[in-house]
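S.K.: below is the sequence, then the predicted model.
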Amino acid sequence: MNALKIINGKLVLPDGVVEGKSLYVLDGKIQAITGEMLDFPDLQEMDVHGNYVAPGFIDMHVHGGADHDFMDNDPLGFVAIAQMHAQHGTTSMNPTTLSCGKEDLLETIRLYDAAEPVRYDGAQFIGLHIEGPYFAMEQRGAQDPRFIRDPDPEEYGEVLAAAKHIARWSAAPELPGALEFGKYMVQHKVMPAIAHTNASYEDVVQAFDAGYTHVTHFYSAMSGVFRRNAFRYAGVVESAYLIDEMTVEIIADGVHLPPPLLQLVYKLKGADKIALITDAMRGAGTQGSGSILGSRKNGLPVLLEDGVAKLPDRSAFAGSIATMDRLVRNMITLAGVSLMDAVKMATATPAKLMGVHEWTGSLEEGKQADIVVFDPSVAILKTIIGGRLVHDAGKLELPEAD
């Protein structure tokens, strides 16, 4: 598709949903959004029959899907994950690691660097997200305790030196050396984020000043109000609300956060400060009742039920099996958020957080043509990445009235 015209759509633009205009794509970029008739050589026309045309979704925290995990260190797995999530509207993603040994991490980085420039029909990679191993042991969740440790300057220095595409790194800011770690990340243009942490409000204020301006999977594996010798202290949850500039990401699968908490986060932080993430593990996009969290080599067996992954004893969640379309749908149906804001939390906000907003994340002239077409129930009908149709659910029909 060198030249494409999308007609009869409800265009989800930065300033509202617009009808009566066509979107023109030329050589992979949005050429024009206009009611005028334009012509280009070999122009193809896509009639979307009144369905929504929105920016492609950006998942800034995803571990796997389609029975693959990035930490399998399998090149074919990288492609399979990207293809599966593209079917659910994801056009860009940050492949995410788990706490592991240094050599396994370096191998994942090597494979990412090899896979990143490859052309395939799936979501494009916009940088690695290193999750762990610098976490509070008590808040490790389903992360393997064998690998949990304090920040090691020699180790993370070696990792950054070996990697071209690390975009973010999640850690617990209260650990010894964690503030220095945060500052080092900022100096190397990597976003440090707060995760798996027992930090107090005082810890978070220091961390924010050191560059930790984002909170990973908000509410999961982190401190809320706690007591020390009968005195109450604010934890990370309260800190994220109190620090206006702090951004958060949420797993809006309706399980990790039930509707009242989805509503609360939205009410207090707003769409500009919230990114929707899947945090999906390999079980996303599969039909079985069991899976493995982490790599096949040394991962943890988990159950898949109630729309989520659980530890075998059902004592805790062990990852998400969500897809981005489900998150957008849930924010509308469970949290009562407008379609505009739900889409924003899946597009423009994560694009800005990950520093890719100048070329993707919104439908604007000159930006890359990363586009999804969905019906009023947010069922994905078509996914376009860089002007290429990578997913087509079939014939489009006129949707029922909203």
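M.R.: Ah, there it is. Residues are numbered from 1 along each chain as shown.
S.K.: so, low pLDDT: which residues of the stretch 51-200 of the chain?
M.R.: Where the stretch 51-200 of the chain drops to pLDDT under 70, the residues are 119.
S.K.: redo that, cut-off 80
M.R.: Low-confidence segments of the stretch 51-200 of the chain (pLDDT under 80): 116-120.
S.K.: just the helices in the chain please.
M.R.: For the chain, applying DSSP state H gives helices covering 75-86, 102-115, 153-162, 178-187, 201-210, 236-242, 259-269, 324-333, 339-346, 348-353.
S.K.: list the contacts of the last one.
M.R.: Residues outside helix 348-353 that contact it (C-beta atoms under 8 Å, 6 or more residues apart in numbering) are 14, 55, 58-60, 92, 191, 214, 247, 249, 271-277, 357, 360-362. Glycine gets a C-beta too; all of them are placed from N, C-alpha and C.
S.K.: make it 6 Å
M.R.: When contacts are taken as C-beta atoms under 6 Å, 6 or more residues apart in numbering, the neighbours of helix 348-353 outside the stretch itself are 58, 60, 275, 357, 360, 361, 362.
S.K.: again with the third one
M.R.: For helix 153-162, contacts defined as C-beta under 6 Å, 6+ apart pick out 102, 106, 188.
S.K.: residue 297: how many residues sit nearby?
M.R.: Residues contacting residue 297 under the criterion other C-beta atoms under 10 Å number 11.
S.K.: next: residue 37.
M.R.: For residue 37, the number of neighbouring residues by other C-beta under 10 Å comes to 7.
S.K.: just for the stretch 251-400 of the chain, where's the confidence low?
M.R.: Judged by pLDDT under 80, the stretch 251-400 of the chain has its weakly predicted residues at 395-400.
S.K.: now do the strands in it.
M.R.: Remark: strands assigned in the stretch 251-400 of the chain by DSSP state E, counting those that start in this stretch are 274-276, 290-293, 300-305, 308-310, 317-320, 371-374, 380-385, 388-392.
S.K.: will you turn these into a markdown table that also has distance to residue 69 and mean neighbour count?
M.R.: Compiled in a markdown table, the strands of the stretch 251-400 of the chain are given as follows (distance: least, C-beta to C-beta, whole Å; neighbours: other C-beta atoms under 10 Å):
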| stretch | distance to residue 69 | mean neighbour count |
| --- | --- | --- |
| strand 274-276 | 21 | 27 |
| strand 290-293 | 7 | 20 |
| strand 300-305 | 11 | 18 |
| strand 308-310 | 12 | 22 |
| strand 317-320 | 10 | 26 |
| strand 371-374 | 25 | 28 |
| strand 380-385 | 22 | 24 |
| strand 388-392 | 22 | 18 |
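S.K.: quick check, residue 121 in contact with residue 390.
M.R.: Yes - between residue 121 and residue 390 a contact is recorded at 4.2 Å, counting by C-beta atoms under 6 Å.
S.K.: count of residues packed around residue 142?
M.R.: The tally of other residues near residue 142 (other C-beta under 10 Å) stands at 20.
S.K.: distance of the residue nearest to it when sequence neighbours are not counted relative to residue 144?
M.R.: Of all residues beyond its chain neighbours, the one nearest residue 142 is residue 318 (4.0 Å), with distances taken as C-beta to C-beta, 6 or more residues apart in numbering. In this structure, residue 318 and residue 144 are 11 Å apart, going by C-beta to C-beta, to the nearest Å.
S.K.: what of residue 79?
M.R.: Computed as C-beta to C-beta, the residue 79 to residue 144 distance reads 26 Å.
S.K.: likewise for residue 163?
M.R.: Here the criterion is C-beta to C-beta. By it, residue 163 lies 21 Å from residue 144.
S.K.: burial of residue 57, as a residue count?
M.R.: Per other C-beta under 10 Å, the neighbour tally for residue 57 reads 32.
S.K.: please apply the same query to the one 4 residues further on.
M.R.: Using other C-beta under 10 Å, residue 61 has 26 neighbouring residues.
S.K.: contacts only, for the spatially closest residue to it that is not a sequence neighbour.
M.R.: The shortest distance from residue 61 to any residue that is not its chain neighbour, by C-beta to C-beta, 6+ apart, is 3.9 Å, and that residue is residue 277. Contacts for residue 277 were tallied using C-beta under 6 Å, 6+ apart; they are 60, 61, 249.
S.K.: and those residues as JSON lines, adding distance to residue 312?
M.R.: Listed next are the contacts of residue 277 as JSON lines, based on distance: C-beta to C-beta, whole Å:
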{"residue": "60", "distance to residue 312": "29"}
{"residue": "61", "distance to residue 312": "24"}
{"residue": "249", "distance to residue 312": "27"}
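S.K.: what's the closest of those to residue 131?
M.R.: For the contacts of residue 277, the closest approach to residue 131 (C-beta to C-beta) belongs to residue 61, at 7.7 Å.
S.K.: what's the distance between the closest one and residue 129?
M.R.: Using C-beta to C-beta, one obtains 6 Å as the distance from residue 61 to residue 129.
S.K.: just send the contacts of helix 153-162 back as TSV, with distance to residue 286 and neighbour count too.
M.R.: As requested, those are arranged in TSV below (distance: C-beta to C-beta, whole Å; neighbours: other C-beta atoms under 10 Å):
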residue	distance to residue 286	neighbour count
102	30	15
106	28	15
188	36	14
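S.K.: from the residues you listed, pick the one nearest residue 35.
M.R.: Of these, the one sitting nearest to residue 35 (C-beta to C-beta) turns out to be residue 188, at 46.1 Å.
S.K.: spatially nearest residue to the closest one, not counting backbone neighbours?
M.R.: Excluding the flanking residues, the one nearest residue 188 by C-beta to C-beta, 6+ apart is residue 160, at 5.5 Å.
S.K.: for residue 347, see how far away that neighbour is.
M.R.: When C-beta to C-beta is applied, the distance between residue 160 and residue 347 equals 28 Å.
S.K.: of all the contacts of helix 348-353, which two lie farthest apart?
M.R.: Spatially, the most separated pair among the contacts of helix 348-353 is 60 and 362, at 15.7 Å (C-beta to C-beta).
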